[in-house]
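>>> How does the following fold in three dimensions:
(2 chains)
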Amino acid sequence: MLRTHTCGELRREHVGQTVTLCGWVHSYRDHGENLVFVDLRDRYGKTQVVFNTEEDSRIDALARRLRREDVIRIAGEVRYRGDDLVNPRLATGDIEVRAHELTVDSSSRTPPFELEGSDLPNEELRLRYRFVDLRREPLQRNLIVRHQITQAVRDYFNSRDFLEIETPMLGRSTPEGARDYLVPSRVHPGSFYALPQSPQIYKQILMVAGFDRYYQIARCFRDEDLRADRQPEFTQIDVEMAFVERDDILELIDGLVCQVVKQVRGIELPSPLPRYSYADVMERFGTDKPDLRFGMELVDIAGPAAASDFGVFRSVLDSGGRVRGINAKGAADRYSRRLLDRELKDFVGEYGARGLAYMKVAGGKLESTIAKFFPEQSQQDIIELMQAEDGDLLLFVADQADITSAALAALRNRLGRELNLYDPDAFSALWVVDFPLVTWNDETQRYDAEHHPFCQPHRDDRDLLTSDPARVRADSYDLVVNGCEAASGSVRIHDSKIQQQVFDLLNISEQEAERRFGFLLEALRYGAPPHAGIALGLDRWVMLLTGDDNIRDVIAFPKTQRASDLLSGAPAPVDDHQLRDLHIRTDSPDQSILDE
RNA sequence: GGGGCCGUAGCUCAAUUGGUUAGAGUACCGGACUGUCGAUCCGGGGGUUGCGGGUUCAAGUCCCGUCGGCCUCGCCA
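The predicted structure is shown next:
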């Protein structure tokens, strides 16, 4: 070991000891010939090193040349700083190390940006110099939290007889779901592996194989467009159990979540976590992942809307749409007319809403440019339905049902944040259960699986599979935390007859099913136990527990929105001979220009 | 595939209606200083205004294209 201590551990009790510290020069304060201070930093903290070297001008000259981010090693004596000189903002602030030896292990170029300060440089630069960015305390903290979570997860499952089993990264492409990342085969010209979107099929096969308690911290890949909370490669805490029912999984994960949240954030969550049906949250919040840190539920005002003379509302109702609204309590003066007419209208427009109606409540009446279309009784009905009081701002969207849901759910989240309706440090976790098994896809004119094709239909809804598929509930469940899908799973089909019924419903022919998932179906024919599972999005959990809203800040080496790694330069062209080995010819735009 | 924001010194930003030598803070370099901890003081260097084209007497500013980053709708079984 080159060091005796880290930069975060020296305290008053070490005074008098001779120590050796290693680290990066965080800052330096040069007071001339005989006095130089250096804050030495490593992952554990910072320690002030003082060079006070009347007797040794050689060290002094070296110390005065130190610059930020140089890597040095110092040996010296731990000293109490003195009563007036302690730095309460530093964990090691009581002491300093008076150096009598200094080695510069490596000098640094001037860093491309400063590690401290409120103004972060743009992300492009941070990503290009990731090794510098990762030295910053917030990112170090995030990766530490990430480690704590995976560690707690492993402890939790290991102590319950689970086995951590790896599944292949090079697998078979299954064309349903997200776009696959493909890997060409050298020895099978024209054939490709796919990187896993999730270990779904493998973990089900592990159940068939008798490994009745499995988990894995699994890397997954999806070649879809990115978002602030989505990366092309991400990590799932993947779990599967045999001989269990839905509630066994929910209780297992309740326990895990409560333990992790308590351990990392010191917050005590209710156990069991509350459960809501899909139908319930869609009606009350317009989304299957409601943020329950605040109320402001959606209200249907079809009754008073139909009794009004407001053409927009009435024509929407006549064509089978809905009129719903939310009540922003006390916000009547918070949004100017201009903001409502432009900004918020455009905002709901992003979700397909053609307009945004609003009314302010004053003197027990509605104030609005459209109030005149609402007779007295309608106004009172709206006020009653929305539990409105003077000073409230009521916002309405009239449209097809799914558009009112999407627009109002988004608006609700935005208003909740802007009006500070909740404590950003608060935690709300809930289960959403009884999702529909399938949803009708207008484009392809057929049913799509809501979760995936191996998800078990609800026992009580089997008869509906043929008669009214859209009403069939699935034995599936999502864990929602602060409006974010934090885990998702289901009871799987282990009966090949039911599996066949679901394929029929999804319009997947026997041939097609064999071609796509034949190896799973074959496995299910050789003694498949009842089984169920779930996957937790690790990256999102780290975001939730650190309070970050950017997934790149919880991943050591993330990719940009266009899926490039600015640090390494990936993706990049490869040598022609590599392509020849893989039997691949490219058809890039550049190439075609050259061809012409 | 669609919509939006951004790109000026190493970094964060400013630059009036299109106007003459593109500024500030910080970092960096040199000097002074024995108790600093956002050290202080003095001095200095540093610009292809992302790139290409256009309009104009004149472009950081206006227009078109392009590259890159971010947010978002669609997409993500």
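>>> Now for the residue of the stretch 301-450 of chain A found nearest RNA strand B: which residues touch it?
When distances are taken as CB to the nearest atom of the strand, the stretch 301-450 of chain A reaches nearest to RNA strand B at residue A:449, 4.1 Å away. Glycine gets a C-beta too; all of them are placed from N, C-alpha and C. Residue A:449 makes contact with A:176, A:437-438, A:455, A:502, A:506 under the criterion CB atoms under 8 Å, 6 or more residues apart in numbering.
>>> now the end-to-end length of stretch A:382-389.
Across its full length, stretch A:382-389 reaches 11 Å between end residues, using CA to CA, to the nearest Å.
>>> In it, which of the residues would be classed as buried?
Buried residues in stretch A:382-389, counted by 16 or more other CB atoms under 10 Å: A:382-383, A:385-386, A:388.
>>> Stretch A:519-535 too?
A:520-521, A:523-524, A:528, A:530-535.
>>> from these, which ones fall inside helices?
Among the buried residues of stretch A:519-535, DSSP state H puts A:520-521, A:523-524 in helices.
>>> Return the closest of those residues with respect to residue A:208.
Set against residue A:208, the nearest of those by CB to CB is residue A:523 (4.5 Å).
>>> Up against RNA strand B, what does the stretch 151-300 of chain A have?
A:174, A:176-179, A:197-198, A:200, A:222, A:224-230 (CB under 7 Å from any atom of the strand).
>>> circling back: could you pick out which of the buried residues of stretch A:382-389 are near RNA strand B?
Counting by CB under 7 Å from any atom of the strand, no member of the buried residues of stretch A:382-389 reaches RNA strand B.
>>> Just the ones of those residues in helices?
Using DSSP H, the buried residues of stretch A:382-389 in helices are A:382-383, A:385.
>>> count of neighbours near the nearest residue to residue A:358 once chain neighbours are set aside?
Spatial nearest neighbour of residue A:358, chain neighbours left out: residue A:395 (4.9 Å); criterion: CB to CB, 6 or more residues apart in numbering. By the measure other CB atoms under 10 Å, the count of residues near residue A:395 is 23.
>>> where does residue A:395 fall, helix, sheet strand or coil?
At residue A:395 the chain is in strand, as set by DSSP: H, G, I helix; E, B strand; the rest coil.
>>> Contacts only, for it.
With CB under 8 Å, 6+ apart, residue A:395 has these contacts: A:325-326, A:328, A:344, A:356-358, A:408, A:411, A:415.
>>> what's the farthest-apart pair in those residues?
A:357 and A:415 (15.2 Å).
>>> With neighbour numbers in mind, choose between these two.
residue A:415 (23 against 20).
>>> Tell me which residues of the strand or helix carrying the more buried one come out buried.
Here residue A:415 sits within helix A:401-418, counting by DSSP states H and E. Residues of helix A:401-418 classed as buried by neighbour count (16+ other CB under 10 Å): A:403-413, A:415-416.
>>> now for the helix or strand that that helix is followed by, which elements pack on it?
Where DSSP H and E defines the elements, the next helix or strand beyond helix A:401-418 is strand A:429-433. Packing partners of strand A:429-433 (3 or more CB pairs under 8 Å, 6 or more residues apart in numbering; DSSP states H and E): helix A:246-265, strand A:275-277, helix A:278-285, strand A:476-481.
>>> highest average neighbour count across the ones you listed?
By mean neighbour count, with neighbours taken as mean count of other CB atoms under 10 Å, strand A:476-481 ranks first of these at a mean of 25.
>>> next SSE after that one?
Following strand A:476-481 toward the C-terminus (DSSP H and E): strand A:484-491.
>>> The next helix or strand after that next one: which residues count as buried?
Next in sequence after strand A:484-491, counting helices and strands by DSSP H and E, comes helix A:496-505. Residues of helix A:496-505 classed as buried: A:499, A:501-503, A:505 (neighbour count, 16+ other CB under 10 Å).
>>> so how far is the longest helix along chain A off the chain centroid?
Ranked by residue count and defined by DSSP H, the top helix of chain A is helix A:137-158. Distance, stretch centre to chain centre, for helix A:137-158: 15 Å (CA atoms, centre = their mean, to the nearest Å).
>>> swap in stretch A:280-299?
With CA atoms, centre = their mean, you get 20 Å for stretch A:280-299.
>>> what distance separates the start and the end of it?
So stretch A:280-299: terminal residues 13 Å apart, CA to CA.
>>> So which residues make contact with that stretch?
For stretch A:280-299, contacts defined as CB under 8 Å, 6+ apart pick out A:276, A:278, A:324-329, A:385-386, A:404-409, A:412-413, A:415-416, A:421-423, A:426, A:428, A:430, A:432, A:435, A:478, A:480, A:482-485.
>>> Give me the below-cutoff pLDDT ranges for chain A.
Within chain A, the stretches with pLDDT under 70 are A:53-57, A:588-596.
>>> So the closest residue to residue A:96 other than its chain neighbours: helix, strand or coil?
Distances taken as CB to CB, 6+ apart place residue A:48 nearest to residue A:96, at 4.3 Å, with adjacent residues excluded. Following three-state DSSP, the label given to residue A:48 is strand.
>>> Just to check, residue A:48 is in contact with residue A:41?
No - counting by CB atoms under 8 Å, residue A:48 sits too far from residue A:41 to count as a contact (10.7 Å).
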